[in-house]
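Enquirer: dropping the sequence and predicted coords here.
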Number of protein chains: 6
Amino acid sequence: MKIQVINPNASASMTAMLAQQCQAIINPGTELQVRCLPDSVASIEGACDGVQAAYHLLDAVRQGEAEGVQGYIIACFDDTGLDAARELASGPVLGIGEAAMHAASMLSVRYSVLTTLPRSIHIIERNMRSYGVDRRCAGVHAADIPVLSLESDPGSYGRLRKLGKQLLEQDRSECLVMGCAGMAQWAKALQNDLGVPVIDGVQVALKWVEGLVQLGLGSSKLISYQAPRLK
Amino acid sequence: MKIQVINPNASASMTAMLAQQCQAIINPGTELQVRCLPDSVASIEGACDGVQAAYHLLDAVRQGEAEGVQGYIIACFDDTGLDAARELASGPVLGIGEAAMHAASMLSVRYSVLTTLPRSIHIIERNMRSYGVDRRCAGVHAADIPVLSLESDPGSYGRLRKLGKQLLEQDRSECLVMGCAGMAQWAKALQNDLGVPVIDGVQVALKWVEGLVQLGLGSSKLISYQAPRLK
Amino acid sequence: MKIQVINPNASASMTAMLAQQCQAIINPGTELQVRCLPDSVASIEGACDGVQAAYHLLDAVRQGEAEGVQGYIIACFDDTGLDAARELASGPVLGIGEAAMHAASMLSVRYSVLTTLPRSIHIIERNMRSYGVDRRCAGVHAADIPVLSLESDPGSYGRLRKLGKQLLEQDRSECLVMGCAGMAQWAKALQNDLGVPVIDGVQVALKWVEGLVQLGLGSSKLISYQAPRLK
Amino acid sequence: MKIQVINPNASASMTAMLAQQCQAIINPGTELQVRCLPDSVASIEGACDGVQAAYHLLDAVRQGEAEGVQGYIIACFDDTGLDAARELASGPVLGIGEAAMHAASMLSVRYSVLTTLPRSIHIIERNMRSYGVDRRCAGVHAADIPVLSLESDPGSYGRLRKLGKQLLEQDRSECLVMGCAGMAQWAKALQNDLGVPVIDGVQVALKWVEGLVQLGLGSSKLISYQAPRLK
Amino acid sequence: MKIQVINPNASASMTAMLAQQCQAIINPGTELQVRCLPDSVASIEGACDGVQAAYHLLDAVRQGEAEGVQGYIIACFDDTGLDAARELASGPVLGIGEAAMHAASMLSVRYSVLTTLPRSIHIIERNMRSYGVDRRCAGVHAADIPVLSLESDPGSYGRLRKLGKQLLEQDRSECLVMGCAGMAQWAKALQNDLGVPVIDGVQVALKWVEGLVQLGLGSSKLISYQAPRLK
Amino acid sequence: MKIQVINPNASASMTAMLAQQCQAIINPGTELQVRCLPDSVASIEGACDGVQAAYHLLDAVRQGEAEGVQGYIIACFDDTGLDAARELASGPVLGIGEAAMHAASMLSVRYSVLTTLPRSIHIIERNMRSYGVDRRCAGVHAADIPVLSLESDPGSYGRLRKLGKQLLEQDRSECLVMGCAGMAQWAKALQNDLGVPVIDGVQVALKWVEGLVQLGLGSSKLISYQAPRLK
């Protein structure tokens, strides 16, 4: 099956990292594309960035459909353009924020999210409320690290580990969700260091989309996710 | 004061109608601009349309800021691009969905929304939940009339009146909210015909923005609505 | 248009302060009355005070109706007697708590309220929940200053400024709501000092009522706000 | 122990009926007072009536305290003046709406309320939300019978029975709550006719207050229910 | 009337303590049985313990029904097996968690719960949400004392008192709920020491069940609490 | 990897059907066990049945752990014993109700559940609320078919199809969730007939557990799902 992971920003190096993570876990029969959007913003930090990224995402999905892609992962924790992508795609589309938080809700009674900048908290919380996954969330926190500094700053992992430990105690949480695609590479190490499940939405979303495609399940096209009307 | 009403679709005739409605109610000192987005979609029906309209809206707000606009009204009931516009604007920005539903919550204990197409219901409901105005909402309903047929189809008003009457009874509602900028012209007539407050968000938002600007109140720029980061 | 601001306690000096604030911001055509209730309690602090104030408020509204008042503002943050006043008035009636918190919900994603005494917190929270404006509220706090000490104690402003700064950080809030009509005079100074929107409900409610009256919008009289039955 | 049941309207005949119901179920050691408020409204239908009734209720509670009353029941389903009474009373104060709906939440997973007039629905729903007992409530309905017609109209019981049966089916409910003190006399008959628990708040509140007084439990006087401040 | 208090663990000494507490407060006509489940777990700490206790509880209720028991109290704060017991019993069944939290909601606007181990918090919170009594709850906390150490450790009371005082301040609470049947004996002393209502669910549930049985009220048997189907 | 599907009732034929469904969709490397609980109830209909099934489920999980099972699926839509199983298992445990409703929340904005008997609705709704998946659920409905009649009655499929069609319209839903493991076999046919995603929790849970195990993710063992304490 043909699966596409879209990193809706323009960062080639983050995309390369994601491709490596994803390639390592796909099923034998999966043909994987991991792409970014060269005309999009360098990183998605806030609503304006999100609007621009979503705009370019639509082209990627239209092209994916033309190429027969059967399932999509949107690799930004804001789930940028998720509903719009569902209007265009025939198969399932999962956002990594969505997937990570649904997974956390099934692996723990109380989880915390650690994202990059404080300005993203509101966006994540609004999504959570729309999905229902706020029910088991004890807090969304920001490490105050810009997205692109995650990989460039050698102290990023240490900072995330320290904050993660603090958050679990402060929130009385039992599970940690990585709130940015750029943190995907550290999920396993962090899980070892913290002793609780640490969830990277990219990996979870990828495995679940594979499963949904295999079962013949995609977005409902009845009303809300109908194809856009031609005008 | 300089106030801008942005109709985020490309319809010149709808914009003309809005301009007429708005011009009739501004305060003496208000300098009003009512504009549409020629490169945007013809009408906003669903998430894909919304992404495209929001993209073009950003340019309009950037230009408005350059021209010294002090307050904005986004004249689409989906409140398309609202948070992004707040990142760019120095003064207040109200969406007409937002304004209409806040007003309905202060004029009644139970209101209903009547919009155009069923596919918009989900978008309105998600906004309602984010704002808190779902608390007094008894239902969001669709007339099943495309946005652009509202003005072209002579039967539109009759259909809205009939549905409005039904909805009030069915929802046990005490107030009706017009769920599309294209319905603005009929609010007064409908209020007379139905005997309950009928709220057009364009007019309410315009008066409230005038008031907020006069009081020196705008969007908080502390965290969530900071200007976009330069990258 | 004839607008009445009712301060539902018996304090003449607070009423004079409010009159000054309000007179400065009304539209040219507005005829403004600002009155208190001489037989009411000296200040409204808790439910018993509220019951007594509401009782005397009814007479004021009945008299206002006889005099052709077209819109009312109830200038107590508890929104004392709000629903009862709506049963009697033909035009719109806004409480200042209600107006301030609706405004805060449209100017920020997260606001805090600072009121006078801890015993008022429960009343404000119950109102918030009824209106829906708890959705974006991060906390209701008390300065532990009795209402009438606000003006008599020269240290009041300093205390509010200090607490306001603390609350914004502690609540991760982006907007501050003044939780008592007696704080109206300090909103602008506090906004300058804190760097976020600081909302005084008296001023917002006044401007919004002017707007609603101009648009011909008042409380729905269909069911819940019908005139009292004669028995 | 000394227990007072206050019917906060002026109806002597409804009070006599309540006295009969209550006298039949008190514990041996209970000294019972059942009183109405002669200066109050004839019946409580809406917010204005409620404000007036609450005003006169305060005097009754102050007098009760002087006479050593140890627990109170407010026999109006709107729980008129409940929080104010708690500020004045040293012992527990239960409203019958409150008691009935808490009981229904412990005897069923889904209950419906049947009250008198549609205008009372909003008041009951706001109380429910404040208490938390909306969680298991499937609907609040009005029989469209004014309070005082309940006893004067010989068809009242038949109408309640018919509506009760309909509501249980329509709401998929498993328990019925009588939404007016004036319906107290019919609870047992209705329970037999409908085959589900039918709850009269007067009786439940009376037994529970007896229990709370025996256990030495009353309203917390720490913050929200402190005695009114002297000014 | 015949009332049964079931302590669903196997602890004879805790049961003896409960029997003493209960015997002291029953009505003259009440025939009281207080029993534990010898084949159950030693104490209920978490979901596995709960499943085992609930299993043995069913036998106790079946036997109670055979003996003509008219009302039941389940004396574990988790309300272990509550719904299952209601399917079997003809009369009312109250859990002590349920009863205590409903009582707290009628005696205060904001209460806190103090239970034994952190692992029980999730169970209590889920119950709260199902009943609706989370609305007025400010926090559920654990003393980190295993159930059986409550009576064996002489320092237990001192620890509860200290924590109780802290929690009231930290949660801004006005009432304390004892979150374990094993704390029943200390409610009165703690109430004196803390100056707020301290609620032991065993005693409240017992008095309320007596009241409900007297009024002829039991669980609805219409749908959810029907007797188990024979297969 | 070793995965176990536990049907927590005693029905061998339903288990055989499930085994067939599951075997068809596992990954190449998965070693699958599908088992029922011979000492459990014949089917799980209500809370008493659930208590008994959960009791026997614990033994199955303990045995599974001894055999090195790495992930579990509880194949009853009530998610019987889910939290208890998580205390015992080292790997992930998903209930099929949970998995189906989380999937529906990612494939549609509004879904409906169709279960067997009305008495199960309350159980499902309580679970939904605990998980958060009630947010996008428009209704839980019962076909009024006992679990074991599903396979024995040849009219079952026709009835489900008819009801499913009705429910989608009535609830304005866009996705249907099969509310019983015994309906697993019909998901695909129903999806074809209804034109919306029809979700069988058994298949979704199985694919997701495979994915979680592959990624090294299991239940958090920090607090709520710790192993039971030895006493």
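Expert: Now that the structure is in, tell me what you want to look at.

Enquirer: so how far is chain B from the residue nearest to the spatial centre of chain A?
Expert: What sits nearest the mean C-alpha location of chain A, by Cα atoms, centre = their mean, is A:Ile96, with 2.2 Å. Counting by Cβ to the nearest Cβ, to the nearest Å, the separation of A:Ile96 from chain B is 18 Å. From N, CA and C alone the C-beta is placed, and that goes for glycine too.

Enquirer: which parts of chain A are helices?
Expert: Along chain A, the segments classed as helices by DSSP state H run A:12-23, A:47-66, A:82-88, A:96-107, A:121-131, A:149-152, A:156-171, A:187-194, A:201-214.

Enquirer: wait, which of these is closest to B:Ser43?
Expert: For B:Ser43, the closest of the helices of chain A is helix A:82-88, at 15.0 Å, according to Cβ to Cβ.

Enquirer: by contact count, what packs against the closest one?
Expert: For helix A:82-88, the packing partners by 3 or more Cβ pairs under 8 Å, 6 or more residues apart in numbering or on different chains; DSSP states H and E come out as helix A:47-66, strand A:71-74, strand A:93-95, helix B:47-66.

Enquirer: ok, which of these comes nearest chain F?
Expert: Across the helices and strands packed on helix A:82-88, chain F has its closest neighbour in strand A:93-95 (6.0 Å, Cβ to the nearest Cβ).

Enquirer: quick one on the thing from earlier: hmm, A:Ala75 and the residue nearest to the centre of chain A touching each other?
Expert: Yes - contact criterion Cβ atoms under 8 Å: A:Ile96 and A:Ala75 qualify, at 5.4 Å.

Enquirer: distance check, whatever residue of chain A ends up closest to chain E against E:Asp171.
Expert: Relative to chain E, the nearest point of chain A is A:Val109 (4.4 Å; Cβ to the nearest Cβ). As judged by Cβ to Cβ, to the nearest Å, A:Val109 and E:Asp171 stand 20 Å apart.

Enquirer: who has more neighbours out of those two?
Expert: Set side by side, A:Val109 and E:Asp171 show more neighbours around A:Val109, with 28 against 18, by other Cβ atoms under 10 Å in any protein chain shown.

Enquirer: wait, the more buried one sits on A:Cys137?
Expert: No - the pair A:Val109 / A:Cys137 is not scored as a contact, 10.7 Å apart, by Cβ under 8 Å.

Enquirer: output the set of residues of chain A in proximity to chain B.
Expert: A:41-43, A:45-52, A:54-55, A:57-58, A:81, A:83-84, A:86-88, A:118-119, A:121-123, A:126, A:129-130, A:146, A:148, A:223-224, A:226, A:228-229, A:231 (Cβ under 8 Å from any Cβ of the partner chain).

Enquirer: find the closest residue to chain D in chain A.
Expert: Nearest residue of chain A to chain D (Cβ to the nearest Cβ) works out as A:Arg135 at 14.3 Å.

Enquirer: rewinding a little: now the residue of chain A closest to chain E: phi and psi?
Expert: phi -90, psi -10 (degrees, to the nearest 10).

Enquirer: show me what contacts it?
Expert: A:Val109 makes contact with A:Arg136, A:Glu174, E:His122, F:Ser224, F:Tyr225, according to Cβ atoms under 8 Å, 6 or more residues apart in numbering or on different chains.

Enquirer: excluding covalently adjacent residues, which one is nearest to the last one?
Expert: Spatial nearest neighbour of F:Tyr225, excluding adjacent residues (Cβ to Cβ, 6 or more residues apart in numbering or on different chains): F:Arg86 at 4.3 Å.

Enquirer: and what of the first one?
Expert: Here the nearest residue to A:Arg136 in space, its sequence neighbours aside, is A:Ser105; by Cβ to Cβ, 6+ apart that works out to 4.6 Å.

Enquirer: list the contacts of the helix or strand of chain A with the lowest mean pLDDT.
Expert: Across the helices and strands of chain A, mean confidence by mean pLDDT, DSSP states H and E is lowest for helix A:149-152: a mean of 90. Contacts to helix A:149-152, defined as Cβ under 8 Å, 6+ apart, come from residues A:Ser13, A:Met14, A:Met17, A:Thr116, A:Ser156, A:Cys180, A:Gly182, A:Met183.

Enquirer: of these, select the buried ones using a PyMOL command.
Expert: Filtering the contacts of helix A:149-152 down to the buried ones (16 or more other Cβ atoms under 10 Å in any protein chain shown) takes a single PyMOL command:
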select buried, chain A and resi 14+17+116+156+180+182+183
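
Enquirer: from the contacts of helix A:149-152, which is closest to B:Leu217?
Expert: For these, the closest approach to B:Leu217 (Cβ to Cβ) belongs to A:Thr116, at 30.0 Å.

Enquirer: chain center to stretch A:45-63, what's the gap?
Expert: In terms of Cα atoms, centre = their mean, to the nearest Å, the centre of stretch A:45-63 is found 14 Å from the chain centre.

Enquirer: nope, stretch A:98-110 is what I was after
Expert: Distance of stretch A:98-110 from its chain centroid, counting by Cα atoms, centre = their mean, is 13 Å.

Enquirer: sorry, back to before: can you count the residues close to the residue nearest to F:Tyr225?
Expert: Neighbourhood size, F:Arg86 [other Cβ under 10 Å]: 30.

Enquirer: over to A:Gln20?
Expert: A:Gln20: 12 neighbours (other Cβ under 10 Å).

Enquirer: tabulate the helices and strands packed on helix A:82-88 in JSON lines, adding columns for mean pLDDT and mean neighbour count.
Expert: As requested, the helices and strands packed on helix A:82-88 are exported to JSON lines (pLDDT from 0 to 100; neighbours: other Cβ atoms under 10 Å in any protein chain shown):
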{"stretch": "helix A:47-66", "mean pLDDT": "98", "mean neighbour count": "22"}
{"stretch": "strand A:71-74", "mean pLDDT": "98", "mean neighbour count": "30"}
{"stretch": "strand A:93-95", "mean pLDDT": "98", "mean neighbour count": "29"}
{"stretch": "helix B:47-66", "mean pLDDT": "98", "mean neighbour count": "22"}
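
Enquirer: in TSV, list the ones you listed along with distance to chain D.
Expert: As requested, those are exported to TSV (distance: least, Cβ to the nearest Cβ, whole Å):
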stretch	distance to chain D
helix A:47-66	32
strand A:71-74	35
strand A:93-95	31
helix B:47-66	32
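
Enquirer: those into a markdown table, with extra columns for distance to F:Pro28?
Expert: Shown next, in a markdown table, are the helices and strands packed on helix A:82-88 (distance: least, Cβ to Cβ, whole Å):
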| stretch | distance to F:Pro28 |
| --- | --- |
| helix A:47-66 | 27 |
| strand A:71-74 | 20 |
| strand A:93-95 | 23 |
| helix B:47-66 | 38 |
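
Enquirer: which parts of chain A sit against chain C?
Expert: Residues of chain A lying near chain C (Cβ under 8 Å from any Cβ): A:Pro118, A:Ile121, A:His122.

Enquirer: and the gap between the nearest residue to A:Ala142 once chain neighbours are set aside and B:Ile223?
Expert: Distance criterion Cβ to Cβ, 6+ apart; nearest residue to A:Ala142, sequence neighbours excluded, is A:Pro118 at 4.3 Å. According to Cβ to Cβ, A:Pro118 and B:Ile223 sit 5 Å apart.
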